[in-house]
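any chance you can model this:
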Amino acid sequence: MIYTVLALAAFASAEIYFKETFDASWEDRWVTAADSGKVDVTAGDWFGDEELDAGLHTTQDAKFYHVSSTFPEFSNKDKDLVLQFSVKHQQNIDCGGGYLKFFAAGVDQALFNGDTDYNIMFGPDICGSNKKVHVIFNYNGENHLIKTKISPESDELTHTYTLIVKPDQTYEVKIDGTTKDSGNMVEDWDFLPPAVIKDPAVQKPTDWVDESQIDDPEASKPEGYDDIPEEIVDPEAEMPEDWDEEDDGEWEAPLIDNPDFSGPWYPPQIDNPDYSGPWVHPEIANPDYELDEEIYSYSSFGGVGLDVWQVKSGSIFDNIIITDSVEEAEAFMEESNTKAAEKEMYDSVQKRLADEAAEEAAEEDEEVDWEEEAEAAEEAEAAEEAGHDEL
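Here you go, the predicted model:
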């Protein structure tokens, strides 16, 4: 009972900074830059609930999309940060982004584009076989990519992407509620210089012997080794019976590889008695390294935007939430989850399309058969008439 009360209290104290389901008033909250591809809101060709699953939809092929929304400014200092959204690539995406950018307050939305500074970029990016989930943090004015590889979903159904960043500088990436990667920000991004470096004051001794083996000084090349030819006359070759030396010239047997030829001679190797072993450069603490315990923290969040290029349009972005509560994000994902019904409708649509394609192919085959029969009948009639004419 005490646990339930505490859980409810934590839930009640959660902050939801932004929440978007793209209802009928979505255009009051989102700005499309002048150079952006056109967007609308739709649930697409398959969905679980047409109203609930409606989302921001890219509509033009080979376009950049620059669409953004703002919210009251906040800082995630000393708080969990949870960024979550869903995306459906119903066009069977071949090359294009499916990620969002989260930026500070004060951005000119009319000019929002790929050059606009952002705090965090998160979400899937797919181009051919190159498929990844971007998790990029801006730190001291430089964008840093995660060093691990996170694979996204690339089918034509809706999937939810969640990024959790904690004040202890740990992170977690989830897809559809399942953890795909987690760890420490200091270790999995190159925000800071290395903590240890090779000691610049130490160099490998000049008399250090690196060679573990050497030529055997007592070995010598066998006598006559260099006299062995690389090729010899084929002892089994015979002059062809139809060879005419007057017409064909003097017959010469072909050459074959000499089985006794061993190539250039090299002395055998022996262990080097002077070998010093591998030299390991001593390391020291990096004087330029200083642990920053607030890499995770941004003084200002104030907007979220879609800034992607898509060769083939048709992606649908939905159910965006920015909060300091993992529980709130999970609850939002659960209440907006229509994946089972969406999959059922998707399977039904695919079956209908397959049936229509099969029916169309059958009709084309029947038409070809009819045309072939008509041509055969015409040829038979022409042949019969030709026979009568001869009589």
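
kindly report the domain assignment for the protein.
Domain assignment for the chain by automatic domain parsing gives 2-193+295-337, 338-373.

strands along the stretch 51-200 of the chain, start to end?
Assigned by DSSP state E, counting those that start in this stretch, the stretch 51-200 of the chain shows strands spanning 55-58, 63-74, 81-89, 95-97, 100-103, 120-127, 130-139, 142-145, 158-165, 170-175, 178-184, 196-198.

show me the contacts for the nearest residue to residue 312 once chain neighbours are set aside.
Distances taken as CB to CB, 6 or more residues apart in numbering place residue 91 nearest to residue 312, at 5.0 Å, with adjacent residues excluded. Glycine gets a C-beta too; all of them are placed from N, C-alpha and C. Contacts for residue 91 (CB atoms under 8 Å, 6 or more residues apart in numbering) come out as 156, 312, 313, 314, 315.

same thing but 10 Å
44, 45, 58, 61, 156, 310, 311, 312, 313, 314, 315, 316 (CB atoms under 10 Å, 6 or more residues apart in numbering).

my read: the first one touches residue 56, true?
No - in this structure, residue 44 is not within contact of residue 56 by CB atoms under 10 Å, at 11.4 Å.

how about JSON lines for the strands of the stretch 51-200 of the chain, with mean pLDDT and mean neighbour count added?
Formatted as JSON lines, these follow (pLDDT from 0 to 100; neighbours: other CB atoms under 10 Å):
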{"stretch": "strand 55-58", "mean pLDDT": "98", "mean neighbour count": "25"}
{"stretch": "strand 63-74", "mean pLDDT": "98", "mean neighbour count": "19"}
{"stretch": "strand 81-89", "mean pLDDT": "98", "mean neighbour count": "25"}
{"stretch": "strand 95-97", "mean pLDDT": "96", "mean neighbour count": "21"}
{"stretch": "strand 100-103", "mean pLDDT": "98", "mean neighbour count": "24"}
{"stretch": "strand 120-127", "mean pLDDT": "97", "mean neighbour count": "21"}
{"stretch": "strand 130-139", "mean pLDDT": "98", "mean neighbour count": "18"}
{"stretch": "strand 142-145", "mean pLDDT": "98", "mean neighbour count": "13"}
{"stretch": "strand 158-165", "mean pLDDT": "98", "mean neighbour count": "23"}
{"stretch": "strand 170-175", "mean pLDDT": "98", "mean neighbour count": "19"}
{"stretch": "strand 178-184", "mean pLDDT": "98", "mean neighbour count": "13"}
{"stretch": "strand 196-198", "mean pLDDT": "97", "mean neighbour count": "13"}
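
closest one to residue 331 among these?
Nearest to residue 331, of all these, is strand 81-89, at 10.9 Å by CB to CB.

redo the domains of the chain as CSV? Include distance to residue 225.
As requested, these are exported to CSV (distance: least, CB to CB, whole Å):
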stretch, distance to residue 225
domain 2-193+295-337, 52
domain 338-373, 72
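
ok, and which of the ones you listed has the densest surroundings?
domain 2-193+295-337 (a mean of 18; mean count of other CB atoms under 10 Å).

does the spatially most central residue of the chain have beta-bridge partners, and which?
Most central in the chain under CA atoms, centre = their mean is residue 131, positioned 1.5 Å from the mean C-alpha point. The partner list for residue 131 in beta bridges (DSSP bridges) reads residue 126.

what sits against it?
Per CB under 10 Å, 6+ apart, neighbours of residue 131: 93, 124, 125, 149, 150, 151, 152, 153, 154.

mind picking the two most distant members of those?
Largest pairwise distance in the contacts of residue 131, by CB to CB, is 18.8 Å, between 93 and 149.

which non-adjacent residue is nearest residue 138?
residue 119 (5.5 Å).

that neighbour is in contact with residue 301, isn't it?
Yes - using CB under 10 Å, residue 119 is in contact with residue 301, at 6.4 Å.

which neighbours do the two share?
76, 81, 83, 102, 103, 104.

residues touching the last one, list them.
This means residue 104. Contacts of residue 104 by CB under 10 Å, 6+ apart are 73, 75, 116-119, 138, 298-303.

mind doing that once more with 6 Å?
Neighbouring residues of residue 104 by CB atoms under 6 Å, 6 or more residues apart in numbering: 300, 302.
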